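Trainee: okay, predicted coordinates and the sequence, questions at the end:
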Amino acid sequence: MIEIITTIKQVPDTSKIRVDKESGTLIRKGVPAVLNPYCEWAVEAAVSLKEQTPSTITALTMGPPSAEDILIRAMALGADNGILLTDRKFAGSDCRATAYILAQAIKFSAPNADIIITGEEAIDGDTAQVPAELSVFLDMPFIPYVITLESADDGAVTLIHERENRRERIRVKTPFVCSITTGFRTRRLLPLTETIRALSTPITRLSATEIACDEKMIGLKGSPTRVIKIENVVTTRGGKTFHWENRNERKAVIESLV
Ligand SMILES: Cc1cc2nc3c(=O)[nH]c(=O)nc-3n(C[C@H](O)[C@H](O)[C@H](O)COP(=O)(O)OP(=O)(O)OC[C@H]3O[C@@H](n4cnc5c(N)ncnc54)[C@H](O)[C@@H]3O)c2cc1C
């Protein structure tokens, strides 16, 4: 039995978001929250693997109590369990603190997890840093830009991931962390029975103390980075696209630089 954890994040629905012209920050008030699309693809990837190989899938999120909604959605999509990390002490966490908190939760609730599947990025924070940082805290290898997890056997998983302009099929020993990119797009219909099952499955809530967080590593105080200013970049010059894989175009770029 393969133990899969998918980390999922609640994000504002960006199709309904507005930007404060003065501060450049997002106006989140009144904007509905949804499951980050990359995280939905992460759950899809986990469910597809489970269809090939017996597995359990736990969806894990850090967020406010309302983030339960995305755990219910993940369970309706096929996850077996949901864990909500919610605590005022987590507020203001940057990427490193977020990755640390997720890692502590995995060490606490699934110390023998085989595969940690994340989204490639969150469409609000948009840094794509959490997955790699999570792998460091868990001391596991990290495979980014994964399109699909094909099969699992003998303590290893065969997967396809993108590398610049090519795709590779590789075999990776478990345990590992991987992030799912846009290629995985087989949107599932949500059968009513699955939604009812999800609504009646209890969600585990865990606090900073329960997952043994070092308070110096979490929240605003435990975050080494601060957002000083956010501004829109307005491009005034036209651009030209060169295709690096085209030998002649590559040569032209190199010659223009020397
Ligand atoms: C410098 C800086 C300062 C910040 N300061 C604040 C602040 O003061 N207050 C504040 O509210 N936010 C703050 N943020 C935003 C917050 O840190 C990020 O939203 C959070 O760290 C996740 O980063 P991300 O959204 O870029 O995720 P990414 O790294 O883009 O997400 C990739 C994947 O990681 C996983 N993941 C990310 N976040 C979670 C989560 N919460 N639960 C489960 N899985 C997750 C998901 O699988 C996701 O698909 C700050 C961010 C930065 C960069």
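Mentor: Received the coordinates, thanks.
Trainee: can we go C-alpha only for contacts and neighbour counts from here?
Mentor: Fine.
Trainee: strands of the stretch 151-258 of the chain, start to end?
Mentor: 156-163, 166-173, 176-180, 204-206 (DSSP state E, counting those that start in this stretch).
Trainee: one more: the stretch 1-150 of the chain?
Mentor: 2-7, 10-12, 18-19, 26-27, 33-35, 55-62, 81-85, 115-119, 142-153.
Trainee: show me what the residue nearest to the spatial centre of the chain bridges to in the sheet.
Mentor: Within the chain, the residue whose C-alpha comes closest to the C-alpha centroid is residue 119; the distance, by Cα atoms, centre = their mean, is 2.9 Å. Beta-bridge partners recorded for residue 119 (DSSP bridges): residue 180.
Trainee: buried deepest among the strands of the stretch 151-258 of the chain, which one?
Mentor: strand 176-180 (a mean of 25; mean count of other Cα atoms under 10 Å).
Trainee: tell me, how many residues neighbour residue 83?
Mentor: 20 (other Cα atoms under 10 Å).
Trainee: oh, that last question was meant for residue 231, not what I typed.
Mentor: 10.
Trainee: what of residue 256?
Mentor: 8.
Trainee: where's residue 125 relative to residue 193, distance?
Mentor: Residue 125 is 33 Å from residue 193, where distance means Cα to Cα, to the nearest Å.
Trainee: sorry, wrong one. I was asking about residue 143.
Mentor: 34 Å.
Trainee: likewise for residue 90?
Mentor: 34 Å.
Trainee: out of the two, which sits in the more crowded spot?
Mentor: Legend: neighbour count by other Cα under 10 Å for residue 90 and residue 193, higher for residue 90 (25 against 10).
Trainee: just checking, residue 150 touches residue 159?
Mentor: Yes - applying Cα atoms under 8 Å as the test, residue 150 and residue 159 come out as touching, 5.3 Å apart.
Trainee: got any ranges where the protein has weak pLDDT?
Mentor: 23-26, 183-188 (pLDDT under 70).
Trainee: what do you get if the cut-off is 90, keeping everything else the same?
Mentor: Counting by pLDDT under 90, the ranges of the chain that qualify are 13-32, 124-126, 163-166, 182-195, 226-258.
Trainee: so which bits of it are right by the ligand?
Mentor: Taking Cα under 6 Å from any ligand atom as the test, the list of the chain residues beside the ligand reads 7-9, 38-39, 60-63, 92-95, 98, 118-122, 124-131, 225-227.
Trainee: mind checking which of those residues are buried?
Mentor: Buried subset of the residues of the chain next to the ligand (neighbour count, 16 or more other Cα atoms under 10 Å): 7-9, 38-39, 60-63, 92-95, 98, 118-122, 128-131.
Trainee: from the chain's centre, how far out does stretch 111-122 sit?
Mentor: 7 Å (Cα atoms, centre = their mean, to the nearest Å).
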